[in-house]
Structures are given as C-alpha cells and as structure tokens.
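Asker: One predicted model, sequence on top.
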Amino acid sequence: CILPPGRGNFVFPVEGFVALTFCVGVLLAQRLKTANQRFLRGKKAWSEIVNVTRNLNRQAHLWADRESFLVFSRWLPAFPAALL
C-alpha cells in the first residue's frame, strides 16, 4: 500500500472518473467527425480538379493539332500543381 501507516483507507470517487471519460469520449468523437468532414471536402475538391484536368486534355485532343496537343499535354500536369 502506498499510504503511510495509521491512515484510513483512501477510496477514489468513481463518479468523477466516469464523467471524465465520458467527456473525453465526446470530445474525441467530435474531433474525429470534424477531421473526417475536412478529409471528405478535400477529397471532393481534388476529384473536381482531376476531372477538370481530364476534360481539358480531352478538349485539347479534339480541337488542337497534334503538335500543339503534345505541347499542351506536357504542360497539363502543372495545372493541378499550380492550384495547390
């Protein structure tokens, strides 16, 4: 026992620990929900960027001559990088 001799039994109140664990659990759940929402927003934005880049490449393939298309295709990966 870690208590000095002559002291009575020391009992921790369980209710305080139960309330504390409940509050920590609620805070962690809220933080996880917020992080998940941020991840999904970023994923949606990135998928839109990929779709726009893909559409640009398709339109350039349809409307430009071969040499211009190859030059455009070489520079096309710079578009999403510039948006970051």
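Answerer: Received the coordinates, thanks.

Asker: Quick one: mean pLDDT for the longest helix along the chain?
Answerer: Looking across the chain with DSSP state H, the single longest helix is helix 14-63. Mean per-residue pLDDT for helix 14-63: 93.

Asker: same question, stretch 70-77
Answerer: Mean per-residue pLDDT for stretch 70-77: 94.

Asker: How far off centre is it?
Answerer: 30 Å (CA atoms, centre = their mean, to the nearest Å).

Asker: same check, this time on stretch 70-84
Answerer: That offset, for stretch 70-84, works out to 25 Å (CA atoms, centre = their mean).

Asker: outside of it, which residues touch it?
Answerer: For stretch 70-84, the external contacting residues (CB atoms under 8 Å, 6 or more residues apart in numbering) are 49-50, 53, 56-57, 60, 64. (C-beta placed from N, C-alpha, C; glycine too.)

Asker: let's see it at 6 Å
Answerer: Stretch 70-84 is contacted from outside by 49, 53, 57, 60, using CB atoms under 6 Å, 6 or more residues apart in numbering.

Asker: returning to what we had before: so for whichever helix or strand comes after the longest helix of the chain, what gets flagged as buried?
Answerer: Per DSSP states H and E, helix 14-63 leads on to helix 66-75 as the next helix or strand towards the C-terminus. Residues F69 are the ones in helix 66-75 that count as buried (16 or more other CB atoms under 10 Å).
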